[in-house]
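1. dropping a prediction and its sequence here:
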Amino acid sequence: MKRKMWISVWLMSLLCVFSGYAQNEGNESSDKEQSDNRYNRREQWYVQLQGGANYFFAENNRFESFGKGISYSYAFSVGKNFTPVWGARLQLSGGGDQGMHDAWEGSPKYDFQHIGGIAAVTFNLTNCIRGVKPGEETSPWNVLLMLGPGVMHTFDFNHVQESYTGLDVEGRNHFLLYGGAEVSYQFNKHWNLNLEVSADMVRDKYNGVECEKDMEGHGHLLLGVRYTFGKD
């Protein structure tokens, strides 16, 4: 009789332990789901404003001095961090370009503008290395890697000399491939200051001149600020 009673008590205790463990696991899973859902639903949307300079790499201006290839650049972005590591960003960018014929003094010179859009995947290298999960504290310093396709339109060709017969000054659209890295510092819960170094590659005749190389491109240096909505 006493043996049956102890067996019953042991079985009931074991059942309570398993019941409590299952409930605790369920609560932890529920808390994690709520954290993930909160992170995805209302946090981590951001807007970003940047300004700086670009350098245009083209076959017909590769012998020019470095300073002659530098022009202004600007960008406005809307993005979302889906996890502490992965996100996406839509960037609207524009700026000026310098186009040279050759390196000799008195050669034809012209300039034009570009505007375009880039859809990029973002990868937070810092959070990846630290293994940060949703809801956990992150470092104020971050390194972000970005890669994606885009389109660009060239227009407003100016200062074109009539003797430059090889230039097609009609505006045109181009597909591009973009890649970049950004270093940022989060100085409060919403704002960060960031410095981006990036490059894009476009097809030949981007600047209205057909050259031997198939690809041309820009190098960008942009300083900006980012505001993140709903960041705990």
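-> Received it, and whenever you're ready, just let me know what you need.

2. what kind of secondary structure is the closest residue to residue 74 other than its chain neighbours in?
-> Leaving aside its chain neighbours, residue 74 sits nearest to residue 51 (4.9 Å; criterion: C-beta to C-beta, 6 or more residues apart in numbering). All C-beta spots, glycine's among them, are computed from the backbone N, C-alpha and C. At residue 51, secondary structure determined by DSSP: H, G, I helix; E, B strand; the rest coil is strand.

3. if I pick residue 51, what's in contact with it?
-> 72, 73, 74, 75, 222, 223, 224 (C-beta atoms under 8 Å, 6 or more residues apart in numbering).

4. so who does the nearest residue to residue 139 once chain neighbours are set aside touch?
-> Leaving aside its chain neighbours, residue 139 sits nearest to residue 126 (5.7 Å; criterion: C-beta to C-beta, 6+ apart). Counting by C-beta under 8 Å, 6+ apart, residue 126 touches 138, 139, 141, 142, 143.

5. and those, which is closest to residue 57?
-> residue 143 (24.5 Å; C-beta to C-beta).

6. count residues in the vicinity of the nearest residue to the closest one once chain neighbours are set aside, would you?
-> Spatial nearest neighbour of residue 143, chain neighbours left out: residue 125 (4.5 Å); criterion: C-beta to C-beta, 6+ apart. Residue 125: 13 surrounding residues under other C-beta atoms under 10 Å.

7. look up how far residue 218 lies from residue 125.
-> Using C-beta to C-beta, to the nearest Å, we find residue 125 at a distance of 23 Å from residue 218.

8. residue 229 against residue 79, yeah?
-> No: in terms of C-beta atoms under 8 Å, residue 229 does not count as a neighbour of residue 79; the distance is 10.8 Å.

9. mutual contacts of the two, please.
-> 45, 46.

10. pick out whichever of the two has more residues nearby.
-> Using other C-beta under 10 Å, the more surrounded residue of residue 229 and residue 79 is residue 79, with 20 against 12.

11. strand partners (parallel or antiparallel) of the longest strand belonging to the chain?
-> Ordering each strand of the chain by length in residues (DSSP state E) puts strand 141-158 first. Here strand 141-158 is paired, per DSSP bridges, with strand 109-124 (antiparallel), strand 172-186 (antiparallel).

12. restricting to C-alpha, output the shortest one in PDB.
-> Spelled out, that is strand 172-186. The C-alpha trace of strand 172-186 is given here as PDB (Å, rounded to 0.1, in the frame of the first residue of the first chain):
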ATOM      1  CA  ARG A 172      20.100  57.800 -71.400                       C
ATOM      2  CA  ASN A 173      19.200  55.200 -68.800                       C
ATOM      3  CA  HIS A 174      21.700  52.700 -67.400                       C
ATOM      4  CA  PHE A 175      21.500  49.600 -65.200                       C
ATOM      5  CA  LEU A 176      24.200  49.500 -62.500                       C
ATOM      6  CA  LEU A 177      25.600  47.200 -59.800                       C
ATOM      7  CA  TYR A 178      26.300  48.900 -56.400                       C
ATOM      8  CA  GLY A 179      28.400  47.800 -53.500                       C
ATOM      9  CA  GLY A 180      29.500  49.700 -50.400                       C
ATOM     10  CA  ALA A 181      30.500  49.800 -46.700                       C
ATOM     11  CA  GLU A 182      29.300  52.100 -44.000                       C
ATOM     12  CA  VAL A 183      30.700  52.900 -40.600                       C
ATOM     13  CA  SER A 184      28.200  54.400 -38.200                       C
ATOM     14  CA  TYR A 185      28.000  55.600 -34.600                       C
ATOM     15  CA  GLN A 186      24.700  55.600 -32.700                       C
END
